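Colleague: build me a structure from this.
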Amino acid sequence: MRLACLFLAAVAALGSVSARADSASSASLSASSKSVGSVSDSIQGSSNSSTGKQVAAGEYQLVQVAQAEDRPGMVRLTLSGEPGEFQLTVPAQVVATARLQAGDAIAVTERPYGYEFARSQPREPFFLALQDGWMHELQSRPVGG
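Modeller: Just a heads-up that it's a prediction; the model follows:
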């Protein structure tokens, strides 16, 4: 239950929860499905590999926006900055909704559950990359009866 509450708080911070109270849990997960992904599926090619982390918190510049040829409906964002360079793969809808384009300043913040990606000015979160354990806990499973 604590995990679900923390996740709902994170989604609410993104401004993507618009569900009625009686179905907040399932509706908020579905409402946020375009703005949440797992770290292992979303982040590739960190140049900060000596620390064992896939990405470092910090300020980055969005240097390229390109279709992910191997993943239909997904877009690869190349982010470069003092902490290093990496690619973030997100649904195309996220790019369209956030109006992301090359040259944008992106802030990456490490959270207990993963990483938050936001436009730097004004601060507008657009994607959460959840640690794989968190993502696994949030997967829908049939309830036995």
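Colleague: all helices of the protein, in order?
Modeller: 2-14, 24-31, 39-42, 92-98, 132-138 (DSSP state H).
Colleague: okay, and for the chain, where does confidence drop off?
Modeller: 1-34, 46-54, 134-142, 144-145 (pLDDT under 70).
Colleague: longest strand of it?
Modeller: strand 58-67 (DSSP state E).
Colleague: which elements pack onto that strand?
Modeller: Here strand 58-67 touches strand 74-81, strand 105-111, going by 3 or more Cβ pairs under 8 Å, 6 or more residues apart in numbering; DSSP states H and E. (Glycine included, C-beta is placed from N, CA and C.)
Colleague: can you give me the buried ones in the first one?
Modeller: Yep, that's strand 74-81 we're talking about. 74-79, 81 (16 or more other Cβ atoms under 10 Å).
Colleague: test my guess that residue 126 contacts residue 115.
Modeller: No: the pair residue 126 / residue 115 is not scored as a contact, 11.9 Å apart, by Cβ atoms under 8 Å.
Colleague: ok, now which ones touch residue 100?
Modeller: By Cβ atoms under 8 Å, 6 or more residues apart in numbering, residue 100 lies in contact with 62, 65, 77, 94, 119, 126.
Colleague: quick check: bridge partners of the third one?
Modeller: Beta-bridge pairing of residue 77, defined through DSSP bridges, involves residue 65, residue 88.
Colleague: surely it touches residue 64?
Modeller: Yes: taking contacts as Cβ under 8 Å, residue 77 lies within contact range of residue 64: 7.2 Å.
Colleague: beta partners for residue 61?
Modeller: Residues in beta-bridge contact with residue 61 (DSSP bridges): residue 80, residue 105.
Colleague: now it: how far from residue 101?
Modeller: 11 Å (Cβ to Cβ, to the nearest Å).
Colleague: possible to save the helices and strands packed on strand 58-67 as a markdown table with distance to residue 130?
Modeller: Converted to a markdown table, the helices and strands packed on strand 58-67 look like this (distance: least, Cβ to Cβ, whole Å):
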| stretch | distance to residue 130 |
| --- | --- |
| strand 74-81 | 16 |
| strand 105-111 | 9 |
